[in-house]
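Enquirer: Fold the following, please.
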Amino acid sequence: MILRNLSTDEEIAHYIQSAYTFTKRLKGLMFTDELNSGYGLHILPCQSVHTHFMRYPIDVVYCNKSLYVIDIDENLPPGKFGKRRKGAHSVLELPTGTVAHSTLQIGHQLELR
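Expert: A predicted model of the protein is given here:
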């Protein structure tokens, strides 16, 4: 899937994998070596994440049911828990720097296609 910011008509990532089953949500990005630029993981349903058993930091984007951004964690380091976000319905895990190098911000609407 492609991740677009509908609020700015910007492509955020060109290859988003889905984690919509219990097993895929449980595994997430654990035990992976890196997350390349332009790639990411959409976890649904999800209100919080962790980076245990990961070797690299990530940017985390929390979205409501309509894919509006309700919060962002930039550069969440390995071995940490993200806070539970009330109102979050899904999460996008992206390479560190994705948020900083884009126009993405709270209140923007995203699209996955």
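
Enquirer: Tell me who's in contact with the residue nearest to Val60 when sequence neighbours are not counted.
Expert: Distance criterion Cβ to Cβ, 6 or more residues apart in numbering; nearest residue to Val60, sequence neighbours excluded, is Asp73 at 4.1 Å. Just so you know, the C-beta spots here come from the backbone N, C-alpha and C atoms, and that holds for glycine as well. By Cβ atoms under 8 Å, 6 or more residues apart in numbering, the contact set of Asp73 is 59-60, 62, 82-83.

Enquirer: Repeat the analysis, applying 10 Å as the threshold.
Expert: For Asp73, the contacting residues are 48-49, 51, 57-62, 80, 82-83, 85, 91, 93, 99, by Cβ atoms under 10 Å, 6 or more residues apart in numbering.

Enquirer: Could you identify which of these has the most neighbours?
Expert: Val61 (29 neighbours; other Cβ atoms under 10 Å).

Enquirer: Let me know the pLDDT of that one.
Expert: Listed pLDDT for Val61 reads 98.

Enquirer: Leu112 is in contact with that one, correct?
Expert: No: using Cβ atoms under 10 Å, Val61 is not in contact with Leu112; the gap is 11.6 Å.

Enquirer: what is in contact with these two at once?
Expert: Taking Cβ under 10 Å, 6+ apart as the criterion, Val61 and Leu112 both touch 3, 12, 40, 42, 67, 90, 92.

Enquirer: got the residue ranges for the helices in this structure?
Expert: Secondary structure of the chain, counting by DSSP state H: helices at 22-27.

Enquirer: So which residues of it form strands?
Expert: 3-5, 10-13, 15-19, 39-43, 58-63, 69-76, 90-95, 110-112 (DSSP state E).

Enquirer: Save the ones you listed as a markdown table, and put in distance to Leu26 too.
Expert: As requested, those are exported to a markdown table (distance: least, Cβ to Cβ, whole Å):
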| stretch | distance to Leu26 |
| --- | --- |
| strand 3-5 | 22 |
| strand 10-13 | 22 |
| strand 15-19 | 9 |
| strand 39-43 | 10 |
| strand 58-63 | 17 |
| strand 69-76 | 18 |
| strand 90-95 | 14 |
| strand 110-112 | 21 |
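
Enquirer: Can you give me the distance of the closest residue to Ile58 other than its chain neighbours to Val60?
Expert: Leaving aside its chain neighbours, Ile58 sits nearest to Glu93 (5.1 Å; criterion: Cβ to Cβ, 6+ apart). Using Cβ to Cβ, to the nearest Å, we find Glu93 at a distance of 6 Å from Val60.
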